[in-house]
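In: following is a predicted model, sequence given first.
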Amino acid sequence: MNYNFHWRPVFKALPELLEAALLTLEVAALSMILGILIGLALSLVRIHMKGPIMWLASIWVELARNTPALLQLFFFGFGLGAFGIHFSPYMIVLMGLTFNNAGYLAENFRGGFKAIPETQIRASRSLGMTAFQAYTRIVIPQVLRIVYHPMTNQMVWAVLMSSLGMLVGFRELSGETQFFASKTFRIFEYFAVTAVIYYIIVKIILGVSRLLAMRLFRY
């Protein structure tokens, strides 16, 4: 079987692909910010609270960690749609990634909280700090340092899993690639270039993460 490569259509569409790559980064970064905030709340609820609220937090974590990300995306896209609740493709992907990120990060944060000696909290309270001050000024900064590298991995995961958004009509990098590939039938060429773009994005994230770690965590 002979296959003739034609790269010119791909290079002509490169500005649109790079613009879609920025959209991929945007939705991944927003989902991470929301995931960190919600994940912190979920972990604190599971550690310190009991009853229905703790059960709801546990159900969130269990569903996020033990069901496919694609099914979670379909729930927000089609499951809620069955009840008359409709969102744009952007919001579907943002909510799906946030739901998943929060579940995974909640367990990372819970491990980080368990690694902090309780004597630090008691000592800060004895100095006159409120519980909120003790956590925001003493405990959470240490937890973020402990889970920094797992958070970096989760950010990479969010970027790569955002490609599932093309299945709900989201024109991020993979969705834009699929759009152009279906018009020109240059499937291999478009997805080869897209794979390179994803690789570069991930390397940039890891490089920036390494530089931040050197600056934030130097002794």
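Out: Nice, I can see it.
In: so which bits of stretch 39-50 are buried?
Out: Burial within stretch 39-50, assessed by neighbour count using 16 or more other Cβ atoms under 10 Å, is assigned to 39, 40, 42, 43, 44, 45, 46. From N, CA and C alone the C-beta is placed, and that goes for glycine too.
In: possible to save these as a markdown table with secondary structure, distance to residue 141 and pLDDT?
Out: Listed next are the buried residues of stretch 39-50 as a markdown table, based on DSSP: H, G, I helix; E, B strand; the rest coil; distance: Cβ to Cβ, whole Å; pLDDT from 0 to 100:
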| residue | secondary structure | distance to residue 141 | pLDDT |
| --- | --- | --- | --- |
| 39 | helix | 16 | 95 |
| 40 | helix | 12 | 93 |
| 42 | helix | 19 | 95 |
| 43 | helix | 15 | 93 |
| 44 | helix | 15 | 91 |
| 45 | helix | 20 | 93 |
| 46 | helix | 20 | 92 |
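In: now, among those, which is nearest to residue 56?
Out: residue 45 (8.1 Å; Cβ to Cβ).
In: wait, that closest one sits on residue 54?
Out: Yes. The criterion here is Cβ atoms under 8 Å, and residue 45 meets it with residue 54 at 5.9 Å.
In: which residues sit against stretch 80-94?
Out: Stretch 80-94 is contacted by residues 27, 30-31, 34, 73, 76-77, 95, 162, 164-165, 168-172 when judged by Cβ atoms under 8 Å, 6 or more residues apart in numbering.
In: for the spatially most central residue of the chain, which non-adjacent residue is spatially closest?
Out: Nearest to the geometric centre of the chain sits residue 158, at 3.6 Å (Cα atoms, centre = their mean). Nearest in space to residue 158, with sequence neighbours left out and distances taken as Cβ to Cβ, 6 or more residues apart in numbering, is residue 28 at 4.1 Å.
In: what about that neighbour, distance to residue 142?
Out: Distance, residue 28 to residue 142, by Cβ to Cβ, to the nearest Å: 26 Å.
In: quick one: pLDDT of the residue nearest to residue 158?
Out: pLDDT, residue 28: 96.
In: any idea how many residues pack against it?
Out: Residues lying near residue 28 (other Cβ atoms under 10 Å) number 26.
In: which helix or strand contains it?
Out: Using DSSP states H and E, the element containing residue 28 is helix 14-48.
In: and that helix, what does it pack against?
Out: Secondary-structure packing of helix 14-48 (3 or more Cβ pairs under 8 Å, 6 or more residues apart in numbering; DSSP states H and E): helix 52-66, helix 89-115, helix 148-161, helix 173-184, helix 187-216.
In: highest mean neighbour count out of the ones you listed?
Out: Ranked by mean neighbour count, these are led by helix 89-115 with a mean of 22 (mean count of other Cβ atoms under 10 Å).
In: okay, the angle between that one and helix 148-161?
Out: Counting by axes from the mean of the first three to the mean of the last three Cα atoms, to 10 degrees, helix 89-115 points 160 degrees away from the direction of helix 148-161.
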